[in-house]
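Mind folding the following:
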Amino acid sequence: MTRILGIDPGSRITGFGIVECVDGRTRYIESGCIRLGDGDFMGRLKVIFDGLSEVVETYAPTEVAIERVFMHRNPDSALKLGQARGAAICAVMSDNMPVHEYAPAEIKQAIAGKGNANKEQIQHMVKILLNLPATPQADAADALAVALCHAHTGQTLGNLGGAQNYRGGRLR
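Alright, predicted model coming up:
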């Protein structure tokens, strides 16, 4: 059994989603959003750290998948996103879990079949793939998409016999 924590880092809202893979089947465990409020930025980083530390303690994932930072038009936004991502990674590293990174286009391709899928398409496909009764909130859906991307990538490579050459979203 593999329990994957997917993380969609953000400087205002950080999404998390947990799926479990057993015998080639993926099932939904939990998802949600860590809302950071309007406080000072350093305080928001602590909220991310504390919130994800609690998620790890509560749900005991065995692996983590996180979205890789991409360059916005505004470099300051990209730096803040990188810091939010760093706080998230630090929160999960205390348990020495493997952390895998995926580019946004890789995640969209794995979930919706095209690398430029919009948020609504991702939400819809996550709902279908996990057989959810309702459409998840956008940030939680993005985090679940990250977890599903990792689950599907690992399963595919395992079926091909190439999992031993796979690390962090890429073949070595």
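
can you pull out the helices in the chain?
Assignment of helices within the chain using DSSP state H yields the ranges 41-59, 75-93, 104-112, 119-129, 138-160.

Quickly compare the ones you listed and say which is most buried.
Mean neighbour count, computed with mean count of other CB atoms under 10 Å, is highest for helix 138-160 among the helices of the chain, reaching a mean of 22. (Each C-beta comes from the backbone N, C-alpha and C, glycine too.)

Could you list the alpha-carbon positions for stretch 49-63 in CSV?
Extracted in CSV, the C-alpha atoms of stretch 49-63 (Å, rounded to 0.1, in the frame of the first residue of the first chain):
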residue,chain,number,x,y,z
PHE,A,49,4.5,24.3,7.8
ASP,A,50,2.2,23.7,10.7
GLY,A,51,-0.8,22.8,8.6
LEU,A,52,1.0,20.2,6.5
SER,A,53,2.8,18.9,9.6
GLU,A,54,-0.6,18.2,11.0
VAL,A,55,-1.8,16.5,7.8
VAL,A,56,1.3,14.2,7.8
GLU,A,57,0.7,13.4,11.5
THR,A,58,-3.0,12.6,10.9
TYR,A,59,-2.9,10.7,7.7
ALA,A,60,0.6,9.2,7.7
PRO,A,61,1.4,9.3,4.0
THR,A,62,4.3,7.2,2.7
GLU,A,63,5.2,9.5,-0.3
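
Can you name the residues in contact with that stretch?
1-5, 7, 14, 16, 18, 29-30, 34, 87-88, 90-92, 94-95, 97-100, 150 (CB atoms under 8 Å, 6 or more residues apart in numbering).

Show me which of those are buried.
Buried members of the contacts of stretch 49-63, scored by 16 or more other CB atoms under 10 Å, are 3-5, 7, 14, 16, 18, 29, 34, 87-88, 91-92, 97, 99-100, 150.

of all the helices of the chain, which lies closest to Asp23?
Across those, Asp23 has its closest neighbour in helix 138-160 (10.5 Å, CB to CB).

Show me what Glu30 is bridged to.
Ile18 (DSSP bridges).

if I pick it, what's in contact with it?
By CB under 8 Å, 6+ apart, the neighbours of Glu30 are 16-18, 59.

what two of the residues you listed have the greatest distance between them?
Farthest pair in those (CB to CB) is Gly17 and Tyr59. Separation: 10.4 Å.

Mutual contacts of the two, please.
Counting by CB under 8 Å, 6+ apart, the shared contacts of Gly17 and Tyr59 are 5, 30.

Could you dump the helices of the chain into JSON lines with distance to Arg25 and mean pLDDT added?
Formatted as JSON lines, these follow (distance: least, CB to CB, whole Å; pLDDT from 0 to 100):
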{"stretch": "helix 41-59", "distance to Arg25": "18", "mean pLDDT": "96"}
{"stretch": "helix 75-93", "distance to Arg25": "24", "mean pLDDT": "91"}
{"stretch": "helix 104-112", "distance to Arg25": "17", "mean pLDDT": "94"}
{"stretch": "helix 119-129", "distance to Arg25": "11", "mean pLDDT": "96"}
{"stretch": "helix 138-160", "distance to Arg25": "10", "mean pLDDT": "82"}
